[in-house]
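# Sequence first, predicted model second:
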Amino acid sequence: MSKGRFGIHGGQYIPETLMNEIHKLEEAYEFYKKDPAFNEELNTLLREYAGRPSLLYYAEKMTKDLGGAKIYLKREDLNHTGAHKINNVLGQALLAKKMGKTRLIAETGAGQHGVATATVAALLDLECEIYMGALDCERQALNVYRMKLLGASVHPVTTGTGTLKDAVNECMKEWTNRVDDTLYCLGSVMGPHPFPQMVGDFQSVISREARAQILEKEGRLPDVVMACVGGGSNAMGMFREFIPDESVKLIGCEAAGLGVDTDRTAATMATGKLGIFHGMKSYFCQNEYGQIAPVYSISAGLDYPGVGPEHANLHDTGRAQYVPVTDEEAVEAFEYIARTEGIIAAIESSHAIAHLMKLAPTMDKDQIIICCLSGRGDKDVAAIARYRGVDLHE
Amino acid sequence: MNKIKETLMGKKSFVPFITAGDPSLDKTEEFIIKMAEAGAGLIEIGIPFSDPIAEGPVIMDANVRALSNPDGCTTDQVFEMVERVSKKVDVPMVFLTYLNPVYVYGPERFCNRCKEVGISGIIIPDMPYEEKEEILPAAKAAGIDVISMIAPTSKDRIQMIAKEATGYIYVVSSLGVTGVRSEITTDLGEIVKQIKEVTDTPACIGFGISTPEQADKYARVADGVIVGSAIVKIVAEHGADAGPYIYEYVKKMVETVEAVI
């Protein structure tokens, strides 16, 4: 069995054409992650360009209104490009440069990873091509224009469901077509090893900061750490450094779409089964014959039929708990946090906020929750207006 | 020696591919018979998958057509079709599909069913050498060959893969996905030479081949020539009436390949 396992999950299930390249990437990553010069360069970019550390914000009004645990928000929405995605992209793009690559390709769902990749490609003088589902291009038209503005080419993917899964398919195909000068800058903790490990490492800056910040502010660890989960990169970033802290409960919030008892859902942990797809063994929404299911969520960033292998293992071992959140609950949370805290959160992050709103009132006032606010919601305003029947077009 | 190796050894073979269920499983049965009558050395049958990441647009569309067929095209239905057709043809048949459908069906159950219906091998493009233990024990127990793939980027991996290969070796001609190409730039002669140094398992070249000229060229280098997209294109064009066109195409390719000494 290959390397890169989290329990039984993970692995390297990819076409032979990519095997040597993935091994090269693995070796380069193993080397550079221990290289002080590389880390210095990355940390400088994270600080000076992305604007880290991100704030750990005490949401006092929400805390009072919900009347339970003390709520802190890890403000990844305040990063340059407006989401956590830049943490990973800076790492991978820098690695690409070290490997002598001149071109990045990437998939994107909501467009946040595409925007981050296009941004960093512009900064580091790399050619950039983004694959995005045709339906997502429509849902997130503003981000498509943003990527073009940054100098990237955007390829709308019309195959399959025209969403994130199909964008990943096309990106993998494009990588087999041109491996020599190209790095597939994968946007989540998924795909073949070393991506789940590497993306998780680059995102773990979120929990490294949050852990130090909460110890500084409260003098103790939180009781709950939570985040939304599609592929699971912001959640893994938020969880990683807390995994050894057994007193800290980890909660991932997945997109239930219209509900886990309908076929219009993307809740992989709740409705998926063990399978092997997109380079990894993990849980996937699929039928009895292993055909990948056409999933659905209002959130383009969570609209994915699988979940990263490290999450699958945290689920198996019971270390983390995964809960489904419907479209309606997420939209209500989107509106609630805007009204209450004056923060327009991404519809993805609003899935975590929705569960937070249920959970906080059940906890004591001396307990602490940290919720990852993975991105800002400017990109979602038009879609939420449409959801509420307001005829608003970008 | 098993059926595949026995059939392919000591001559040049033409290996056509067809996607099961496109436009219907009854038609696939008819097309397989036509390909056998036209002299195919071995036939590859694609079990359609929702997300075939090694396929170009032609075969991907065929997968979509097959899976959206109102009569269905489940793995069980494909097995039943093969069970019917293997009573009528003698040519060895292998499946090409992706790991998830096999894994979810259950590797043992899948391989045993292959054996029952008369399938001799299985090609899984998203299962590289390092991950073949997922299926290999079950395949060995059932006497089914797991066909190994070698790509233009395999380099130092060629002999590692070839040494353990059984049935035949699928040499991928080009980077990228399946589909018709006007030019193939890989030094296939060198890859096949390295394979032959370590094994007598036959090597067949596929990806991008469509014309008799290309077939002639690669039959000189390898033991067989595999063609998929060009045949699936005939099905896309003629639908249920594709039978005679497939027969003509395969016959021409068989003649070209077999004429190579």
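Perfect, thanks for sending it.
# Which one of the residues in chain B is closest to chain A?
Per Cβ to the nearest Cβ, B:V104 is where chain B lies closest to chain A, at 3.3 Å. (C-beta placed from N, C-alpha, C; glycine too.)
# Neighbours of that residue, how many?
The local packing of B:V104 (other Cβ atoms under 10 Å in any protein chain shown) involves 22 other residues.
# Residue 164 - nearest residue in space that isn't next to it in sequence?
In the absence of a named chain, chain A is used. A:G109 (3.7 Å; Cβ to Cβ, 6 or more residues apart in numbering or on different chains).
# hmm, I had chain B in mind actually
Closest to B:E164 by Cβ to Cβ, 6+ apart is B:S148, at 7.3 Å.
# What about that neighbour, how many residues nearby?
B:S148 is flanked by 28 other residues according to other Cβ under 10 Å.
# Show me where the stretch 51-200 of chain B has its helices.
B:57-67, B:75-85, B:99-105, B:107-117, B:136-142, B:158-163, B:188-198 (DSSP state H, counting those that start in this stretch).
# what's the average pLDDT for the second one?
Think helix B:75-85. Mean pLDDT, helix B:75-85: 98.
# what angle do it and helix B:107-117 make?
Orientation of helix B:75-85 against helix B:107-117 (axes from the mean of the first three to the mean of the last three Cα atoms, to 10 degrees) gives an angle of 20 degrees.
# Show me what the longest helix along chain B packs onto, helices and strands only.
Taking DSSP state H as the assignment, the helix of chain B that covers the most residues is helix B:243-258. Using 3 or more Cβ pairs under 8 Å, 6 or more residues apart in numbering or on different chains; DSSP states H and E, the elements in contact with helix B:243-258 are strand B:13-19, helix B:25-37, helix B:212-221, strand B:224-227, helix B:229-238.
# 7 Å instead, please
Helix B:243-258 makes packing contacts with strand B:13-19, helix B:25-37, helix B:212-221, helix B:229-238 when contacts are defined by 3 or more Cβ pairs under 7 Å, 6 or more residues apart in numbering or on different chains; DSSP states H and E.
# which of those sits most buried?
strand B:13-19 (a mean of 27; mean count of other Cβ atoms under 10 Å in any protein chain shown).
# Flag every residue of the stretch 51-200 of chain B that's near chain A.
Within the stretch 51-200 of chain B, the positions near chain A by Cβ under 7 Å from any Cβ of the partner chain are B:51, B:53-54, B:60, B:67, B:74-75, B:99-101, B:103-105, B:125-128, B:130-131, B:133, B:149-151, B:153-155, B:157, B:172, B:175-177.
# Against chain B, how distant is the residue nearest to A:Y72 when sequence neighbours are not counted?
Closest residue in space to A:Y72, ignoring its immediate chain neighbours: A:I370 at 4.7 Å, by Cβ to Cβ, 6+ apart. With distances taken as Cβ to the nearest Cβ, to the nearest Å, A:I370 is found 36 Å from chain B.
# beta partners for A:I370?
Per DSSP bridges, the residues bridged to A:I370 are A:Y72, A:V225.
# need the contact list for it.
By Cβ atoms under 7 Å, 6 or more residues apart in numbering or on different chains, A:I370 lies in contact with A:72, A:74, A:210, A:214, A:222, A:225.
# Closest to chain B out of those residues?
For the contacts of A:I370, the nearest to chain B is A:V225 (32.0 Å; Cβ to the nearest Cβ).
# Burial check on the spatially closest residue to B:L67 that is not a sequence neighbour, number of neighbours?
In space, and not counting its chain neighbours, B:L67 is closest to B:P48: 5.1 Å by Cβ to Cβ, 6+ apart. Per other Cβ under 10 Å, the neighbour tally for B:P48 reads 28.
# need the contact list for A:L186.
A:L186 touches A:195, A:199, counting by Cβ under 7 Å, 6+ apart.
# now with 6 Å?
The contact partners of A:L186, taken as Cβ atoms under 6 Å, 6 or more residues apart in numbering or on different chains, are A:F195.
# what do you get for A:H155?
Going by Cβ under 6 Å, 6+ apart, A:H155 touches A:Y131.
# Okay, now the sheet partners of the helix or strand hosting it, with direction.
Using DSSP states H and E, A:H155 maps to strand A:153-157. Counting by DSSP bridges, the strands paired with strand A:153-157 are strand A:127-133 (parallel).
# buried sites along the strand it pairs with?
Within strand A:127-133, the residues scored as buried using 16 or more other Cβ atoms under 10 Å in any protein chain shown are A:128-133.
# and what of stretch A:155-174?
Result for stretch A:155-174 [16+ other Cβ under 10 Å]: buried residues A:155-157, A:159-174.
# how about the residue most central in space within chain B, secondary structure?
The structure's chain B has its C-alpha centroid closest to B:E44; by Cα atoms, centre = their mean the separation is 3.4 Å. At B:E44 the chain is in strand, as set by DSSP: H, G, I helix; E, B strand; the rest coil.
# In contact with whichever residue of the stretch 51-200 of chain A sits closest to chain B: list those residues for me.
Residue nearest to chain B within the stretch 51-200 of chain A (Cβ to the nearest Cβ): A:N177, separated by 3.7 Å. By Cβ under 6 Å, 6+ apart, the contact list for A:N177 reads B:175-176.
# hmm, try it at 8 Å
Contact analysis of A:N177 by Cβ atoms under 8 Å, 6 or more residues apart in numbering or on different chains lists B:175-177.
# residues in contact with the residue nearest to B:L67?
So B:P48 contacts B:19-22, B:62-63, B:66-67, B:73, B:97 (Cβ under 8 Å, 6+ apart).
# Okay, now the unreliable bits of the stretch 1-150 of chain B?
B:1 (pLDDT under 70).
# Up against chain B, what does the stretch 151-300 of chain A have?
A:159-160, A:165-166, A:169, A:172-173, A:176-179, A:273, A:275-279, A:284, A:286, A:288-292 (Cβ under 8 Å from any Cβ of the partner chain).
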